[in-house]
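S.K.: With the input below, show me the fold.
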Amino acid sequence: MFEWLKALRSQPSGLQDIMQFFEQMLEDGRHAFDLAANALLGGTDPEVIKEDLWATDKRINRNERRIRRMLITHAAVHGRTEFPVCLALMSLVKDAERIGDYAKNLFDLVRLGVALPEAARKDLITLKDTISKLLAKARNIYESQDEEGAKDFLAECDRLEDYCDAQVDALLLSETGGGSVAAAALAYRYQKRIVSHAMNIITSVVMPLDRLDYYDEPRER
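M.R.: Modelled structure (predicted):
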C-alpha cells in the first residue's frame, strides 16, 4: 500500500488531486478538534468558535463527497488496475470525516454546560495537546509517505488508546469527586475515537489493502 500511494506523487493522474483534497480533510479535522477541545477544556467562548467549527465540518463533508465523485470517475476511466486503491481511499476518507464528527461530539459537551472534575480536566488538557500534535503529524506523514514515521505514530496511538480506556474504566468505578464523571468519560471516549480514526488513516502507509482498518477493531484490554 505504501509503494502504491507513493507512486501517485509522480504520476500525472487525477488521484494526485484527490490526495490533496484528502490532506485538506486531515488539516480541517485537526482544526475542528482544536476548536472543540479548546472550548471544552480551555475556556474558549463557544459562541466565538461555533460558526468556524460548523463551517469546517461542512468543508470536510464537501471534500468527502468531492473525493467520492472523483474516485468513481477515476475508476471508470482507468479501469480495474486502479480500482483497489480507489476502494482504499474511500475507506480512508470516511475515517477523516469521522474525526470532524467526534470533534462536534466534544463540542456537544460544551453546549450542555457540563462541569468536568478538576483532576480529569487537567489530564484531558494534556491529552488534547498530544492529540492535536498527532493529527498534525498524520497530515505530514501522509503527505511525505514516511513509513518509519507511520510506525512510530501507530505505536503512540496504541498507547493513547489504552490510556483513554484506563481513564474511562477508572471514572466509571469512581464514586467521589466534583463535576460530571459521565462527561469526563465521554470526553476521553471521543478523543480515543479521534485517535482511532487517525490510526486507520496511517495504517495505509504500512499495511496492505486487505488489512486497512484493523487497528479500529476491538482489542483485548
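
S.K.: Need the single longest helix in the protein, by residues.
M.R.: helix 46-78 (DSSP state H).

S.K.: Kindly calculate the angle that the helix or strand where residue 38 lies makes with helix 46-78.
M.R.: Using DSSP states H and E, the secondary-structure element containing residue 38 is helix 14-41. Interaxial angle, helix 14-41 versus helix 46-78 (axes from the mean of the first three to the mean of the last three C-alpha atoms, to 10 degrees): 160 degrees.

S.K.: which helices and strands sit right next to helix 14-41?
M.R.: Judged by 3 or more C-beta pairs under 8 Å, 6 or more residues apart in numbering; DSSP states H and E, the packing partners of helix 14-41 are helix 2-8, helix 46-78, helix 83-112, helix 118-144, helix 181-206. C-beta coordinates here come from the backbone N, C-alpha and C atoms, glycine included.

S.K.: now it, how far from the chain's geometric center?
M.R.: How far helix 14-41 lies from its chain's middle: 8 Å, per C-alpha atoms, centre = their mean, to the nearest Å.

S.K.: One more: stretch 88-104?
M.R.: Relative to the mean C-alpha coordinate of its chain, stretch 88-104 is positioned 7 Å out (C-alpha atoms, centre = their mean).

S.K.: for it, which positions count as buried?
M.R.: Neighbour-count burial for stretch 88-104, counted by 16 or more other C-beta atoms under 10 Å, picks out 88-89, 92-93, 95-104.
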